[in-house]
Structure formats: structure tokens, C-alpha cells
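**Student:** A structural model of the following input is requested.
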Amino acid sequence: MLEIADLQVELDADAGLVKAIAGMRLALSRGETFALVGESGCGKSMTALALMRLLPENGRVAGGAVRLDGQDLLALPEGRMRDVRGSRISMIFQEPSTSLNPVMRVGDQIVEAIEAHTKLRGKAARAKAIDWLARVGIPEPERRIDDYPFRLSGGQKQRVMIAIALAAEPDYLVADEPTTALDVTIQAQILDLIRDLQRERQLGVLLITHDLAVVSGMAHRVALMYAGQIIEVAPAAEFFAAPRHPYARLLLQALPDARRRGQPLAAIAGTVPPLWQAFAGCRFAPRCDKVMRHCAGTPPELTDEGPQHQVRCLLYSQPGDALPRAPASARDSAPAPLAPGEPLLDVRDLRVRFMLKTPLLHSGPRHFDAVDGISFQLQSGRTLALVGESGCGKTTSGKAIAQLLRRQARISGQALFEGQDLFKLHGQALLQARRHIQIIFQDPFASLNPRMRVADVLEEGLIALRPELDAGQRQARLQALVDQVGLRRDALQRWPHEFSGGQRQRIAIARALAVEPRLIVCDEPTSALDVSVQAQILNLLRELQREQGLAYLFITHNIGVVEYIADDIAVMQAGRIVERGGCSEVFGQPREGFTKALLAAVPRLLVPAS
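**Tutor:** Got it, this is the predicted structure:
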């Protein structure tokens, strides 16, 4: 058994001492999947890093123990702990772009793990690495094993991370958002692989994720975290059928799907409180719709509310009358009407070709067609979703339209923005076009400059593309932006590394919104966000679309989000659009076999009505 007992983790920060984890207890058995869920910044990933003894330099374990079959891992010397990592316990990290070594071939990184923790060497280890690449769904593994990470898509890098973690066949797997960057078909393949390993090797899995549909299909037990504490633990079926904590109920009501289309999602007001402050009562009280008068001064304990079901809430241990609370204001978010006239964006026969290195004895140049002749139209006030498997050309299409691949690829076709061909613009005309077309990147960590404070990141675009704004107007705009995306205003003076993955994604969204564009290429804008923040962002995107007539090219693998926000859908496969039409038409009556397979792989969650 892997057991965490009274774990306390502290971090030194500019604002003070951050108590990231406050007295956590959980136990994971072989063959069990234990899911840890909750909002970004609540301590999920910090729990995983503490368990693996991989805390950042400013972090330390202030108390408690982590026991593996009775042995305290926190007391081991680093040399022995290094043997435990990979062979007994392995970890899939949240951000593959920063976890993979950029100057090592991906195959060498897998072989390194195999040779460190198994008896295989040389050709045998390489053959095993190729086998793992195939098992996690990398196409042409014999060729891709010699690629560097920058040649892989975000989803493919995530699959390489999974291969590294599983290559030595550990006893326990700590999976921190293992399927975040994966499309639904590959996600289903990876989850099936983990299930198979559980049956074969009794693999124990600590699953950290914000995808509640994945949790409902994978987990045996669920623990919900908030502000460094576990606030509800229950068997998975019971947690989803009858959640007890008010926070759990609100989370389930915030999930997007076709049933809530045209309505604002039940976003939870406010944000997770900063963990450097002292708490006198319930940490969720300022955001709770069931808050009582004594919640502000009495800290709740984790108490039994049924067999294997524990809840940290005074609603059960010290019930009282709920305080009156004004309902959260939700603007009418009816779907935007179809804009008359010409389309805002008209893409015609778009092709993107990347040139490959030519081997010494090869006779001619080699190339790869990432996008092979796609066409679509997008009107103001509408959302077109591009869906498909990882590596099919979705992100490449978006980057080409946003004029970010001019030097890396050969682009042909047309992308007419209000009648102007974007591929023929240069100089000042191209700069003006960038003012109206912005992009939200898939990987917020890689797209934010680590040497710039958040205020500078957001202001950079305003200075370059909105020169008519003075310093005072820019500062007012920055404060309005962080309010819009659900961050505290003190975030403006902090650095990107001080935020969680979901919080960094909110910063990236604020940067795209800063210059008030007319078209936003949204490349997986909610993939790194937990459910409640995703609801806030989707509500925000719909409000801005209705008020400003924004058009969205929405690239995502989250079918629930597509069902909720998209007006039209284009399904891509191997660089081509294989099916296109209205949302209800494509998802209600798919014609192509690939579309049917895509929809069949989507995990579904039946959410209680209240």
C-alpha cells in the first residue's frame, strides 16, 4: 500500500509562507485507481511532487509521512529514492513540453528509463521503447523514435511522457493530468492501456485530473481537494450520484454539454483563496451557496457521512440556517444570430507543407503535408470547432491563419479576412491584421515569457498594437482583464512560474483578449482548466461573442465543450476535413466512419440535476 499520512507541505514565496498542503491523508492499494480532483491551485500537483520528493527548491515537507509498503519514503537518502522513482513509483507530469529534454531524442529518453530500472540494454531496450511508443499510439514508432520533442504535437509529447512513465512497469503510477493534451480516441486508448496494466500487474494509480468524465469511468475512489485540504472522499459511484459537499455539487453543475447549450454555465464565483493567509473557518465559505453564520469562525473537520464517505463541512456536523446570498448575476447568453453578408474569414484550399531533412544519400527533397487543402468559412459572432485526432493538422491550420508559420513552412491557398488575403500582407498591413486576429496557445507555460511579470506580458500587446492607449488606460485595461478571467489583481505583479497550469492558461486567455480582436484562434483554450474555471471562461467567451461579435476558430478535443459552444463543426483527419456542418447535424447524425468512432470514444458523465 502507498499511504500519505498527515502530509504538510510549505513553500517560501514573496507574499509569505504558503501552506500548500494542510494535513492530507490518503491510501492507495495495488490495482486501485484513486482520483484526486479539484480546482487549479488547490494542491493536487503539489501532493504528487511531495510524494515523489520532487518539490521545487522553495518547497519542503513540514510534517507527515509517505509510506510505501510501510517504508517512509521521506526518510530515504536521495540515492535510494532515485531507485524507487521509475521502478516502484512513476509519474506522468502535467506539462510534457517542460518535462521532456529538448536536446535528447524521445527514444533516448525512453531507453534511459528502461536501462535505469530493468535489465534490458542496447538493441533490446530500443526495441522495448519502440513497442511502448506503439502502445501509446504514436504513428510510425520506428521513425518517430529518433525525433526530437519539438517535432511532435502537444498530444504526441504527452504520449511520449506516458511511455517513459510506464516503460519500467512500476507498481504505482502518479498520473498528473495524463490525458489533458490528448484527443478522445487516443485518450480512450491510453485509459484502456492503464486498465490493462492494472489487471496484469495490479498497478495502483493516483489519478490527478479535472476531467470528471474520465474520473467516473476510471476511478474506484475520489477525493475532492480545495485550498490545500481534502473536503470530500467517497467511492466514485457514490460521489457522482450523491455528492455531499456544496463545492462538489457546484462542480458537477458547471460541466458543459449539449443540454446546457444557450444557457450560462453554473460557474462558481470567486477563486481559490491564497494559501499564505491564516484561515479561521471553512476555506470555501466565501464562495459557498450554503454558507452559515458560524462557517466563518469554525474550521470543519473531515467526518464520516456513510461507509467510506467523508465530508469536511459544518452543514452536517453543525447544521444551521443558510445566510441569504444574492444569486450570481448571469447575463443572457443566447446564441449569437448569424451575421449577414460576407464571411469574416474565408479559407480556401489551405495547404501547409513542412520540409524535412534530406538524408545524405537521398536523391531529392522530402516534405510533409500537415494540412492538405482545407476550406471553410467563419462569420462574425459564430464559432467553428475544428476537431480530430492529435497530429491531424488542427493546430497547424490555426497557426497558419494567425500568420505564425511564414518562416517554418510553405503555405499555399488563401485566407481572406474581410476580403484581404492574409498570406499576401506585409509590414504595417500585417501588423494591423494582427490587431484583429489573436491566438490562445495550447501550452500556456511555453507561450509565456518566464522573465516577464504578468502585467508586462499583458501590456506588451497593448503597447505594440494599441498605441492610442496611454499608460493609465493600459493599467485600467489590465485590471479589467484579470477580473474577467477570474484572477486576483495581485497576479499582475507575479511571475508565470508562480502560477498553476490552469492559472497560466487564464493569463494566456487574458493576453489574447487584451487588444480586443475580432477573431480568436482558440487552440485548446480550456484543456488545462478545471471545471469551475472552464465554466467561467466559456461564459466569458460567449458574453464577449454576443457583445462584440467575436468569431472563434475553436480547436479542441473536448467534445462536451464543442457541444456547448460551437455553431459549426469541421472534423479533420490526416490534414483534410472529412465532415463539416452544424453542431447538431454532425454530432446528431454523423456520416463519416471516423466521426462516428470519434464520438464513440467520448467519455460521458451523467450529472445529477441538483
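
**Student:** Please count neighbours and contacts with C-alpha atoms only from this point.
**Tutor:** Fine.

**Student:** got the CA positions of stretch 66-73 in CSV?
**Tutor:** What follows is stretch 66-73 as a C-alpha-only set of coordinates in CSV (Å, rounded to 0.1, in the frame of the first residue of the first chain):
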residue,chain,number,x,y,z
VAL,A,66,4.7,9.0,2.8
ARG,A,67,4.9,5.2,3.2
LEU,A,68,5.4,2.6,0.5
ASP,A,69,4.7,-0.9,2.0
GLY,A,70,5.4,0.5,5.4
GLN,A,71,8.7,2.3,4.5
ASP,A,72,8.8,6.1,4.9
LEU,A,73,10.0,7.5,1.5
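
**Student:** Need the contact partners of it.
**Tutor:** The contact list for stretch 66-73, computed with CA atoms under 8 Å, 6 or more residues apart in numbering, reads 1-5, 7, 51, 65, 74, 81.

**Student:** try 6 Å
**Tutor:** By CA atoms under 6 Å, 6 or more residues apart in numbering, the surrounding residues in contact with stretch 66-73 are 1-4.

**Student:** Among those residues, which one lies nearest to H367?
**Tutor:** L2 (49.0 Å; CA to CA).

**Student:** So what does L11 look like in phi/psi?
**Tutor:** Phi and psi for L11, reported as degrees, to the nearest 10, are phi -130, psi 140.

**Student:** Tell me how many other residues surround the nearest residue to it once chain neighbours are set aside.
**Tutor:** By the measure of CA to CA, 6 or more residues apart in numbering, the closest residue to L11 outside its immediate chain neighbours is G59, 4.3 Å from it. By other CA atoms under 10 Å, 20 other residues sit near G59.

**Student:** Please apply the same query to the one 3 residues further on.
**Tutor:** Neighbours of A62 under the rule other CA under 10 Å: 15.

**Student:** Could you number the chain from 54 rather than 1 from now on?
**Tutor:** That works, and once the first residue is 54, the last one we named lands at A115.

**Student:** Show the contacting residues for it.
**Tutor:** 61-62.

**Student:** Quickly find the element holding it.
**Tutor:** Applying DSSP states H and E as the criterion places A115 in strand 112-121.

**Student:** Adjacent strands (with direction) for that strand?
**Tutor:** Using DSSP bridges, the strands paired with strand 112-121 in its sheet are strand 55-66 (antiparallel), strand 124-125 (antiparallel).

**Student:** how about TSV for those strands, with distance to R633, mean neighbour count and mean pLDDT added?
**Tutor:** Formatted as TSV, the strands paired with strand 112-121 follow (distance: least, CA to CA, whole Å; neighbours: other CA atoms under 10 Å; pLDDT from 0 to 100):
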stretch	distance to R633	mean neighbour count	mean pLDDT
strand 55-66	48	19	92
strand 124-125	56	14	93
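
**Student:** With distance to F552 added, can I get those in JSON lines?
**Tutor:** As requested, the strands paired with strand 112-121 are exported to JSON lines (distance: least, CA to CA, whole Å):
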{"stretch": "strand 55-66", "distance to F552": "12"}
{"stretch": "strand 124-125", "distance to F552": "30"}
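
**Student:** doesn't Q363 make contact with D357?
**Tutor:** Yes - between D357 and Q363 there is a contact under CA atoms under 6 Å: 4.4 Å.

**Student:** Tell me which of those two has more neighbours.
**Tutor:** A side-by-side neighbour count of D357 and Q363, using other CA under 10 Å, places Q363 first with 20 against 15.

**Student:** got a list of what the more buried one touches?
**Tutor:** Per CA under 6 Å, 6+ apart, neighbours of Q363: 285-286, 356-357.

**Student:** So what does it look like in phi/psi?
**Tutor:** phi -120, psi 140.

**Student:** Tell me the pLDDT of it.
**Tutor:** The model reports Q363 with a pLDDT of 94.

**Student:** What's opposite it in the beta bridge?
**Tutor:** On the basis of DSSP bridges, Q363 takes part in beta bridges with V286, D357.
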